[in-house]
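S.K.: what shape does this take:
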Amino acid sequence: SLSPGTYELMVNASYSSFGLNRVWYSYSGLNVMQQYMIKFVETGLPSGTTWSVTLNGVTETSKNNSITFYEPYGSYTYTIGYVPGYLSSLSSGTLSIFTNAQISVFFIPIICNLTFTESGLPSGTVWSVTLNGTSKSSSSHSITFSVTAGTYQYSVGKISNYSASPSSGTVTVTANTTEIITFSPVLVPVTFTESGLPSGTQWSVTLNGITKSSTNSSITFLVPLGKYNYSVGIVDGYKVTQVNNTVIISNPNVLKNISIVYTVVPPPALPTLDIIAAFIIDVVLIGVIFVLYYLKKYATIHKNKGL
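M.R.: Below you'll find the predicted structure:
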């Protein structure tokens, strides 16, 4: 090893040609300069996190907590590389090096708001979200977690008669982040099946104010759980005997089927002989009464004239 200073260095390269030694290359002079250690030491990053430092245009990265450069006496600029989700106590600067130096860099995690916002639930409904094992519930439209940058697993609590989309997932946070959760009512099929109509006859059902018609034998509605009134449309020449016009949907796992039975409306009955005879007698009696009345009136008029 050599101490700092200037030394004479002789390098000769020669070769033989026709019995003569000839000098091919010659160099003299060697300057040895003092090298100083410049060590950047970080604290605050999780173990194994990659970070970097650029010194005088040269970038070094590391997953350890230190990065070291060796440079001679002089002034140097440096930059601390950005680490997602963290702020550094130093971002850049200038160093005047005349001895070994150690620079401390402190990384501070950025605290972000991760907000879950719901839509579709009735006002005041309590709902919940579990984020990396931590659960929060609310009766308002949003639930907020304070987290550092990173990737998180979440799941949405079940709400009776509603389905959530998405119901679970992964979210990566590097800044304030909002996840939208949409709740939709669970829809249950309600099927009305008719019998008694000729094939191809159009018929209809009105459920909860919505009317559907069909020429097939069945009509299906998709409705949330609840209690609904329904009515069956009129078909000429047929009638429906409805014992109940209310349907209750209380279990999403039980399909609701309602049978509609059409029967032919019989034509008006023809008058029987008794009715006809009674009608004729009534007409005859009325006629006789009118005749007697006018005969009596006529006789009275002539009698008065004879007086």
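
S.K.: what about the helices in the chain?
M.R.: Secondary structure of the chain (DSSP state H): helices at 273-306.

S.K.: pLDDT weak spots in it?
M.R.: 1-32, 243, 268-273, 298-299, 301-307 (pLDDT under 70).

S.K.: middle-most residue in it, spatially?
M.R.: What sits nearest the mean C-alpha location of the chain, by CA atoms, centre = their mean, is Ser165, with 3.8 Å.

S.K.: quick one, what contacts that one?
M.R.: When contacts are counted by CB atoms under 8 Å, 6 or more residues apart in numbering, Ser165 touches Ile181, Thr182, Phe183, Ser184. All C-beta spots, glycine's among them, are computed from the backbone N, C-alpha and C.

S.K.: what do you get for Lys136?
M.R.: Ser128, Val129, Ile143, Phe145.

S.K.: ok, and the most crowded of those?
M.R.: Val129 (25 neighbours; other CB atoms under 10 Å).

S.K.: quick check, that residue in contact with Ser155.
M.R.: Yes: counting by CB atoms under 8 Å, Val129 does reach Ser155; the two are 7.3 Å apart.

S.K.: which neighbours do the two share?
M.R.: Common neighbours of Val129 and Ser155 (CB under 8 Å, 6+ apart) do not exist.

S.K.: about what we covered before: which among the contacts of Lys136 gets closest to Ile286?
M.R.: Ser128 (86.3 Å; CB to CB).

S.K.: give me the beta-bridge partners of the closest one?
M.R.: Counting by DSSP bridges, Ser128 is bridged to Ser137.

S.K.: OK, contacts around it?
M.R.: By CB under 8 Å, 6+ apart, Ser128 lies in contact with Ser135, Lys136, Ser137, Ser138, Ile143, Val156, Gly157.

S.K.: quick one: buried ones out of the residues you listed?
M.R.: Ile143, Val156 (16 or more other CB atoms under 10 Å).

S.K.: wait, which of the contacts of Ser128 is closest to Gly233?
M.R.: Using CB to CB, these come closest to Gly233 at Val156, 41.7 Å.

S.K.: can you tell me how far Lys296 is from Asp282?
M.R.: Taking CB to CB, to the nearest Å as the measure, Lys296 falls 21 Å from Asp282.

S.K.: ok, Ser128 next?
M.R.: Counting by CB to CB - Ser128 and Asp282 are separated by 83 Å.

S.K.: swap in Thr77?
M.R.: 126 Å.

S.K.: end-to-end on stretch 204-223?
M.R.: End-to-end distance of stretch 204-223 (CA to CA, to the nearest Å): 17 Å.

S.K.: show me which residues of it are buried.
M.R.: Val205, Thr206, Leu207, Ile219, Thr220, Phe221, Val223.

S.K.: stretch 251-264 now?
M.R.: Lys256, Ile258, Ile260, Tyr262.

S.K.: repeat that for stretch 84-104.
M.R.: Neighbour-count burial for stretch 84-104 [16+ other CB under 10 Å]: Gly85, Tyr86, Ser88, Leu90, Leu95, Ile97, Ala101, Ile103.

S.K.: so what's the nearest residue to Asn65 once chain neighbours are set aside up against?
M.R.: Once flanking residues are discounted, Asn65 sits nearest to Glu42: 5.2 Å by CB to CB, 6 or more residues apart in numbering. Taking CB under 8 Å, 6+ apart, we find Glu42 in contact with Trp51, Asn65, Ser66, Ser104, Val105, Phe106, Phe107.

S.K.: do a quick rundown of the strands in the stretch 151-300 of the chain.
M.R.: For the stretch 151-300 of the chain, the strands defined by DSSP state E, counting those that start in this stretch cover 162-165, 168-173, 177-185, 187-195, 203-207, 210-214, 218-224, 226-232, 238-240, 246-249, 256-264.

S.K.: mind listing what the fifth one pairs with, with the direction of each?
M.R.: Which is strand 203-207. Here, using DSSP bridges, strand 203-207 pairs with strand 210-214 (antiparallel), strand 226-232 (antiparallel).

S.K.: again with the shortest one
M.R.: When pairing is defined by DSSP bridges, strand 238-240 lines up against strand 256-264 (antiparallel).

S.K.: contacts for the partner strand next, please.
M.R.: 188-197, 203, 205, 230, 232, 235, 237-241, 247, 249.

S.K.: report the buried members of those residues.
M.R.: Buried among these by 16+ other CB under 10 Å: 188, 190, 192, 194, 197, 203, 205, 230, 232, 235, 238, 240, 247, 249.

S.K.: and which of these is nearest to Phe116?
M.R.: Of these, the one sitting nearest to Phe116 (CB to CB) turns out to be Val188, at 27.4 Å.

S.K.: ok, back up a step: pull the most distant pair out of the contacts of Ser165.
M.R.: Once CB to CB is applied, the contacts of Ser165 give Ile181 and Ser184 as the farthest pair, at 10.8 Å.
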